[in-house]
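Q: Sequence first, predicted coordinates after that:
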Amino acid sequence: MPLLSRRKFLQVTAAVAVTGGLAISADAGILEPNRPQLVRVEVPLARLPAAWDGFTIAQLSDFHYDDDFSVVPIRRAVEVVNRLRPDLVAVTGDFVTVPYLSDYLHNAKQAASAVEPCARLLGQLRAPFGVQAVLGNHDVASDPARVVEALQSQGIHVLRNRSLPLEQAGTRIWLGGVDDVIEGRPDLDATLKGIPPNEAVVLLAHEPDFADRVTRYPVDLQLSGHSHGGQVRLPLVGAPFLPDLAQKYPWGMRRIGPLTLYTNIGLGTIRIAIRFNCPPEITLLTLRAIAGTRS
């Protein structure tokens, strides 16, 4: 068989490179953003009552709703979560996207118009302990009153610096939610007010790096989003870009002192509708009581 000429070899190499590049582009821009992956995590909590062992929380985050790019993964995520039958659904913010445009105030307000179709989709979620949410920085920077009204009209409860008790088998844990850290007015003291010091607390907070402050409070588990995982994660490099307050704990489970943190990398995309090596995520967290925990 004759050897390839140098010119032919370069032509073949270029063709392979272009084909590979197109395949990667298609996957990053069409396939991967529309294929949410289910991540199952077991979370041991020292203060969790034995009666709550096995309690499941499905977490969704960072929808950034639009009719073209995010609607497909949101629909698929709703279907998956309902098949999982979790005890509770936690939704950690950014239902809309505030654009980077010169007329900031007008466009920020207009961005909230995406919340109604997003809320209608999320209103199909079902769980015995309900769908509980906090706002993200884009929600608060747009029209937070409209966002809250749309969500609550679909049965999605929005927690802004408050907590609610969850009760079963004569025992109780608490679910809290803080206002957005970047654009809102988070108040942990108000959020945790009235919670007995020996009862377990799960906190929803959009920005994960807020955990460094939360760890000074009696909170057992923090659920966050915001990072998108960077949307693009390069081998040996990681994410080239991460937003403020998501650079320290951008994905997965971490321990920060006595606090357990889980950062969900979200369903939607922002600015550029691509994901590479960073598929959208549905998280199913199973809480586990540690042996010897108070019942």
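A: Happy to help now that I have it.
Q: got any ranges where this structure has weak pLDDT?
A: Counting by pLDDT under 70, the ranges of the chain that qualify are 1-33, 101-106, 292-295.
Q: go with 90
A: Flagging of the chain using pLDDT under 90 yields the residue ranges 1-35, 68-69, 99-109, 236, 271-273, 291-295.
Q: Roughly how far does the most centrally placed residue in it sit from residue 216?
A: Centrality entry for the chain: nearest residue to the mean C-alpha point is residue 61, 2.7 Å, by Cα atoms, centre = their mean. Applying Cβ to Cβ, to the nearest Å, the value for residue 61 to residue 216 is 24 Å. Any C-beta I mention is one placed from the backbone N, CA and C, and that applies to glycine too.
Q: Can you point out the buried residues in stretch 256-264?
A: Buried residues in stretch 256-264, counted by 16 or more other Cβ atoms under 10 Å: 256, 259-264.
Q: same check, this time on stretch 52-60
A: For stretch 52-60, using 16+ other Cβ under 10 Å, the buried residues are 52-53, 55-60.
Q: buried residues in stretch 183-195?
A: Buried, per 16+ other Cβ under 10 Å, within stretch 183-195: 183-184, 186, 188, 190-192, 195.
Q: Looking at those, which are in helices?
A: The helices, defined by DSSP state H, take in 188, 190-192 from the buried residues of stretch 183-195.
Q: Relative to residue 283, which of the buried residues of stretch 52-60 is nearest.
A: residue 59 (4.2 Å; Cβ to Cβ).
Q: where's the closest one, which helix or strand?
A: Element membership for residue 59 (DSSP states H and E) is strand 56-60.
Q: returning to what we had before: which among the buried residues of stretch 52-60 gets closest to residue 211?
A: Checking these one by one against residue 211 (Cβ to Cβ), the nearest turns out to be residue 59, at 15.1 Å.
Q: For the closest one, give the beta-bridge partners.
A: residue 90, residue 283 (DSSP bridges).
Q: my guess is it meets residue 265, correct?
A: No - in this structure residue 59 lies outside contact range of residue 265 using Cβ atoms under 8 Å: 10.6 Å.
Q: and for these two, which residues touch both?
A: Contact criterion Cβ atoms under 8 Å, 6 or more residues apart in numbering; residues shared by residue 59 and residue 265: none found.
Q: Now do the buried residues in stretch 82-97.
A: Buried residues in stretch 82-97, counted by 16+ other Cβ under 10 Å: 86-97.
Q: With adjacent residues omitted, what lies nearest to residue 139?
A: Counting by Cβ to Cβ, 6 or more residues apart in numbering, residue 139 lies nearest to residue 147, which is 4.6 Å off, once chain neighbours are set aside.
Q: what does residue 180 give?
A: Using Cβ to Cβ, 6+ apart, the closest residue to residue 180 is residue 140 (4.5 Å).
Q: which residues touch that neighbour?
A: 179-180, 182-184.
Q: Check residue 238 too.
A: Applying Cβ under 8 Å, 6+ apart, the residues near residue 238 are residue 230.
Q: Can we start the residue count at 57 from this point?
A: With the count now opening at 57, the last piece we talked about shows up as residue 294.
Q: so how far is residue 267 from it?
A: 19 Å.
Q: How is the chain partitioned into domains?
A: 57-90, 92-345 (automatic domain parsing).
Q: Check these for me and report the most buried one.
A: Most buried of the domains of the chain, by mean neighbour count (mean count of other Cβ atoms under 10 Å): domain 92-345, with a mean of 20.
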